[in-house]
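**Q** Any chance you can model this:
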Amino acid sequence: MARVMYQGVRDVNGVASVWITTEQGVHGELPLRLDIRNHSPTGFEWGYWGSGPRQLALAMIAHATGSDEKAEAYSNDFKCAVVGRFLHNGWEMSADDVRECVESLHRRFARELPTLSDFLDADAVCKADRAPCGDPDE
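**A** Okay, here's the model as predicted:
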């Protein structure tokens with residue numbers, strides 16, 4: 001199986017994009033996955049804790065794990081732990097590392113993955129977002 005990598009880059013105007021690559025080359029841009037949740041319709045961002053980084057976290061988890069439910073459940077925590085700390089100019093991360101981080105977050109917060117019906121309940125959505133961002137120097 002080819003090793004999948006995500007590479008965040010900025011063009012000359014500073015616009016962010018994320019590419020999916022393997023040893024065979026570039027396979028295309030990472031989809032925004034607005035179909036799961038619309039945190040940032042204007043695109044991905046990183047290096048801070050906002051809506052653009054949250055959209056990137058969601059898209060990376062969905063792609064790496066193949067699970068929209070995991071993406072929804074862990075995107076805020078992943079944003080705080082990983083995406084918010086990416087360097088502004090660019091970064092690279094493997095799909096294996098994304099999956100490992102999600103598993104670590106699952107163990108840390110001992111969450112059960114919500115079902116689709118849970119997300120139809122506003123209280124369940126708030127519970128999925130309950131983990132606050134900590135100090136970036138922790």
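**Q** chain center to stretch 4-15, what's the gap?
**A** Mean C-alpha position of stretch 4-15 versus that of the full chain (C-alpha atoms, centre = their mean, to the nearest Å) differs by 15 Å.
**Q** Phi, psi for the residue most central in space within the chain please.
**A** Closest residue to the average C-alpha location of the chain: Ala57 at 1.2 Å, with C-alpha atoms, centre = their mean. Phi and psi for Ala57, reported as degrees, to the nearest 10, are phi -60, psi -50.
**Q** What strand or helix carries Gly8?
**A** For Gly8, the enclosing helix or strand under DSSP states H and E is strand 5-10.
**Q** Just the residues contacting that strand, thanks.
**A** 16-22, 30, 44, 46, 56, 60, 63-64, 86, 88-95, 98 (C-beta atoms under 8 Å, 6 or more residues apart in numbering). For the C-beta atoms, the positions are set from N, CA and C on the backbone; glycine is no exception.
**Q** try it again with 10 Å
**A** Contact with strand 5-10 is made by 15-23, 26-27, 30, 44-47, 56, 59-60, 63-64, 83, 86-98, as judged by C-beta atoms under 10 Å, 6 or more residues apart in numbering.
**Q** Having no further points to raise, I will conclude here.
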